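kindly generate the corresponding structure for this input.
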Amino acid sequence: MTDTTSGTPGQGHLGRRTVLKGVLGAGALAGTHAAFTGRAAAAASGGGDDGECGVERGWGKVADVFRRNFRNGGEVGAACSVYVGGRQVVNLWGGLADRAARRPWRENTIVQVASTTKGATAICAHLLVQRGQLDLDAPVARYWPEFAAAGKAEIPVRWLLSHQAGLPIVDGPLTFEQACAWHPVIRALEAQPPLWRPGTEHVYHSVTFGFLVGEVVRRITGKSLGAFFAEEVAAPLGLSAWIGLPDKQEKRVARVHEAAPFSLEELIAGLIAVTGLDAETVTAWVAAVWAPGSVQARAAELGGALTDPAIFATRAWRAAEFPAANMLADARSIARMYAATVSDVGGVRLLSPSTVERMTVVQTDRTPMHGLPPGLNLPADRSFYMSLGFMRASPPMPMTGPKSFGHPGSGGSAGFADPDAGVGFGYVTNLWNYRPDDSRAANLVKAVRACLG
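Numbering: from 1, shown residues only. Reported below is the predicted structural model:
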């Protein structure tokens, strides 16, 4: 959740307190050869390599695009992985994990993936649903009694997952140390009333999503979300992915690099391009979502705890559990995790087809986005097409098929599954770019679709 922008909206550029909030905070998306080596990708960005990565025959187009992302897209370091039918068919990495130190991106390099974390957190919740331990239609207060305070007694669990609970911000004030301690955030959420009548509107719960869902998981299992994920998802699948990074994994972490700043006009133009909406609608949407002091502009600040951008490069941030925002992972792990929701992967399948069908029903097409001016028509499938914890395939983010589901992250990372094609996809990068028309992941996905035929 590092910012890549500078200035203020009034100066023509978007500042840190604006661009991380709203749909861009959700990461809105916005070959013929048979093998591809890490050396080729690294050469494209001036880096080194660490052995071979590759693609199976028929998947060379993905490698071609991966290489072009370095040559034409300014990629610093990145990795991409694709599973089909439970088997890995693409495994690519290259470039630099740290440009200043000239440290190469290796096969085991991990990087922050921002809101791509939310997909992992949602999978944990749906594991409990599948086991009969969590009822999506039950009040949150059944599992977390203190949550009932301040008019929240009837909020069902599903509204936490669909960003409809009315709790996108923490009133605060909170310090970063308090946020890392978990319980001060929970106490604050217990005490405050919803910002709207729950279930009647939605807005992206940038950071509180992880605390809300994570506390329900903790109340049921007695384990933190990070511990539950480690034991029930990462360990069975052999993932290199953590929500709360152990100290011994620090040496594997890639340094996040900042892309060039962009203007308000470029933001609007990018959103027009990826959503297909008219300029008047997009301009009104941006003015409402990123206006100074708006709810969405406050959503990523967590009551003041996350206002200093320097904290996102610290060991304290990586060690803490922010289950909406601070997972560190490699692309193989994200792809493998999603593949295991729709296929058997090495003898492990996380979710049944019936669970996947229920959890991917779109919810935000039923309610308007909070904070929009009266009369503004902002279709959910062009702005925030959310099911129960996952974004669904839509024109701005088509993935590989209409039933696809997953979650992108601010800066460019993405992960998703396609039940029809049996696909699990993962892409990670250390060049964080918040432009809605950033095409790196989108071009890789387009190549995957072409390879699927």
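
Gly84 against Asp420, yeah?
If you look again at residue 84, you'll see it is Val, not Gly. No - applying Cβ atoms under 8 Å, one finds Val84 not in contact with Asp420, separated by 11.4 Å. Heads up, the C-betas are built off the backbone N, CA and C, glycines and all.

what about those two, which has more around it?
Val84 (23 against 12; other Cβ atoms under 10 Å).

show me what contacts the more buried one?
Contacts here follow Cβ atoms under 8 Å, 6 or more residues apart in numbering; on that basis Val84 touches 421-424, 452.

ok, Glu190 next?
So Glu190 contacts 146-147, 149-150 (Cβ under 8 Å, 6+ apart).

so how many other residues sit close to Arg131?
11.

now the residue lying closest to Ala329 once chain neighbours are set aside: how far from Ile110?
Using Cβ to Cβ, 6 or more residues apart in numbering and skipping the chain neighbours, the partner closest in space to Ala329 is Ala241 (3.7 Å). Ala241 is 8 Å from Ile110, where distance means Cβ to Cβ, to the nearest Å.

and Thr360, by the same measure?
Noted for Thr360: a distance of 27 Å to Ile110, by Cβ to Cβ.

now swap in Val256 and tell me
12 Å.

give me the number of neighbouring residues for Gly74.
14.

an error on my part: the question was meant for Pro309.
Pro309 is flanked by 15 other residues according to other Cβ under 10 Å.

ok, the one 10 residues further on next?
Using other Cβ under 10 Å, the number of residues around Ala319 comes to 16.

next: Ala284.
16.

farthest pair in the contacts of Val84?
Farthest pair in the contacts of Val84 (Cβ to Cβ) is Gly424 and Leu452. Separation: 12.7 Å.

so if I had to pick from those two, which one is more boxed in?
Higher neighbour count among Gly424 and Leu452: Gly424, with 30 against 17, using other Cβ under 10 Å.

with adjacent residues omitted, what lies nearest to the more buried one?
Closest residue in space to Gly424, ignoring its immediate chain neighbours: Ala339 at 2.7 Å, by Cβ to Cβ, 6+ apart.

what backbone torsions are found at that neighbour?
Here the main-chain torsion angles of Ala339 (degrees, to the nearest 10) amount to phi -60, psi -40.

I figured it hits Val90, correct?
No - assessed by Cβ under 8 Å, Ala339 is found out of contact with Val90, at 11.6 Å.

so where is the stretch 1-150 of the chain shaky, pLDDT-wise?
Along the stretch 1-150 of the chain, segments meeting pLDDT under 70 span 1-52.

strands along that one, start to end?
54-55, 77-84, 87-98, 103-104, 111-112 (DSSP state E, counting those that start in this stretch).

sheet-wise, list the partners of the longest one with their directions.
Partner strands for strand 87-98, per DSSP bridges, with pairing direction: strand 54-55 (antiparallel), strand 77-84 (antiparallel), strand 103-104 (antiparallel).

using CSV, write out the CA atom coordinates for it.
In CSV, the C-alpha atoms belonging to strand 87-98 read as follows (Å, rounded to 0.1, in the frame of the first residue of the first chain):
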residue,chain,number,x,y,z
ARG,A,87,-1.3,-28.4,-12.9
GLN,A,88,1.1,-25.6,-13.3
VAL,A,89,1.6,-24.6,-17.0
VAL,A,90,3.3,-21.2,-16.6
ASN,A,91,6.0,-20.3,-14.1
LEU,A,92,7.8,-17.1,-14.9
TRP,A,93,9.9,-14.7,-12.9
GLY,A,94,12.5,-12.1,-13.8
GLY,A,95,14.0,-8.7,-13.3
LEU,A,96,15.2,-7.1,-10.1
ALA,A,97,13.9,-7.6,-6.6
ASP,A,98,15.8,-4.4,-5.6
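
which residues does the nearest residue to Asn108 once chain neighbours are set aside contact?
In space, and not counting its chain neighbours, Asn108 is closest to Arg252: 5.6 Å by Cβ to Cβ, 6+ apart. Residues in contact with Arg252 (Cβ under 8 Å, 6+ apart) are 108-110, 240.

could you check how far Arg252 is from Ile110?
For Arg252, the distance to Ile110 equals 5 Å [Cβ to Cβ].

quickly list what's touching both of the two.
The contact sets of Arg252 and Ile110 overlap at Ser240 (Cβ under 8 Å, 6+ apart).

thinking again about what came up before, could I get the contacts of Glu190 as JSON lines with neighbour count and distance to Ala297?
JSON lines is the format used below for the contacts of Glu190 (neighbours: other Cβ atoms under 10 Å; distance: Cβ to Cβ, whole Å):
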{"residue": "Glu146", "neighbour count": "14", "distance to Ala297": "28"}
{"residue": "Phe147", "neighbour count": "24", "distance to Ala297": "25"}
{"residue": "Ala149", "neighbour count": "14", "distance to Ala297": "26"}
{"residue": "Ala150", "neighbour count": "12", "distance to Ala297": "23"}
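
and which of the residues you listed is nearest Tyr434?
The shortest gap between Tyr434 and any of these belongs to Phe147, at 32.5 Å (Cβ to Cβ).
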